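Novice: My questions concern the predicted model and sequence given below.
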Amino acid sequence: MISKIFDSFRAALADIPDGASIMIGGFGLAGQPTELIEALLDQGAKDLVIINNNAGNGDTGLAALLKAGRVRKIICSFPRQSDSQVFDGLYRAGKIELELVPQGNLAERIRAAGAGIGGFYTPTGVGTPLAEGKESRRIHGRDYILEYPLHADYALIKARSADRWGNLVYRKTARNFGPIMATASRVAVVQVENIVELGELDPETIVTPGLFVQRVVAAGGQQ
């Protein structure tokens, strides 16, 4: 019997090694897999490369992971906002590396990885420091730069519901980066609000097929 359900967040993250690359879903706090991030903090892996839309809020969740000194590099679109003081302090002190990627490019690089695309040309970033060192091409009179797909060892994402095969349904815009991160990672670990029986999910509402999910944990269970 196929079942991707794990009893605890600890078990679902137990094999993450030092130096792993990890995608973390969420747009700010919307869709952020808070319990999984807390479990990763407890798990102890360090020297991590984190791929996320921003660089943490306040001093909890992703910001707590940064504050604990566990992240070597972050790849994101919005590293600074009103409550990103943890990242700001680390970056100014030279204690964390940043790869800044425009949000559309970030989403497309992740999507390209999941789709098996070797690269794509985009006008975003042309003429800015973000284009330095990148291949460029003029197409139909417009300048473009070449961007490469962005893969990860693990993806930590949040969904609303799942069945034991790992089929996922999300809640509105909380889906944001989750679906593409699941396809672009070697191991997708998902925290869900509830787990339902096979056949209970309307096939028309399933956004991420279980093919792209390896581990599912229900929030509210054991940490």
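Specialist: Right, received. Where do you want to start?
Novice: quick one: the residue of the chain most remote from its centre and P123, what's the gap?
Specialist: The C-alpha centroid of the chain is most remote from G141, which lies 34.8 Å away (Cα atoms, centre = their mean). Going from G141 to P123 by Cβ to Cβ, to the nearest Å gives 11 Å. C-beta coordinates here come from the backbone N, C-alpha and C atoms, glycine included.
Novice: check contacts around the residue farthest from the centre of the chain.
Specialist: Neighbour list for G141: empty [criterion: Cβ atoms under 8 Å, 6 or more residues apart in numbering].
Novice: tell me the pLDDT at it?
Specialist: G141 is assigned 96 on the pLDDT scale.
Novice: And it, how far from E132?
Specialist: 23 Å.
Novice: Leaving aside the residues adjacent along the chain, what's closest to R142?
Specialist: Nearest residue to R142 in three dimensions, chain neighbours excluded: P123, at 6.0 Å (Cβ to Cβ, 6 or more residues apart in numbering).
Novice: okay, now the one you found: neighbour count?
Specialist: By the criterion of other Cβ atoms under 10 Å, P123 has 11 neighbours.
Novice: Could you pull out the helices in the protein for me?
Specialist: With DSSP state H, the ranges of helices along the chain come out as 9-13, 34-43, 62-67, 85-92, 103-115, 178-184.
Novice: what comes up buried for the shortest one?
Specialist: Just to be clear, that refers to helix 9-13. By neighbour count on 16 or more other Cβ atoms under 10 Å, the buried set for helix 9-13 is 9, 12-13.
Novice: What separation is there between the closest residue to G127 other than its chain neighbours and R111?
Specialist: Sequence neighbours aside, D143 is the residue nearest to G127 in space, at 7.5 Å (criterion: Cβ to Cβ, 6+ apart). Distance, D143 to R111, by Cβ to Cβ: 22 Å.
Novice: Looking at the two, which has the bigger crowd around it?
Specialist: Legend: neighbour count by other Cβ under 10 Å for D143 and R111, higher for R111 (19 against 13).
Novice: Counting neighbours, what do you get for the residue nearest to the more buried one when sequence neighbours are not counted?
Specialist: Closest residue in space to R111, ignoring its immediate chain neighbours: I180 at 4.6 Å, by Cβ to Cβ, 6+ apart. Around I180 sit 27 other residues, with neighbours defined as other Cβ under 10 Å.
Novice: All good on my end, thank you.
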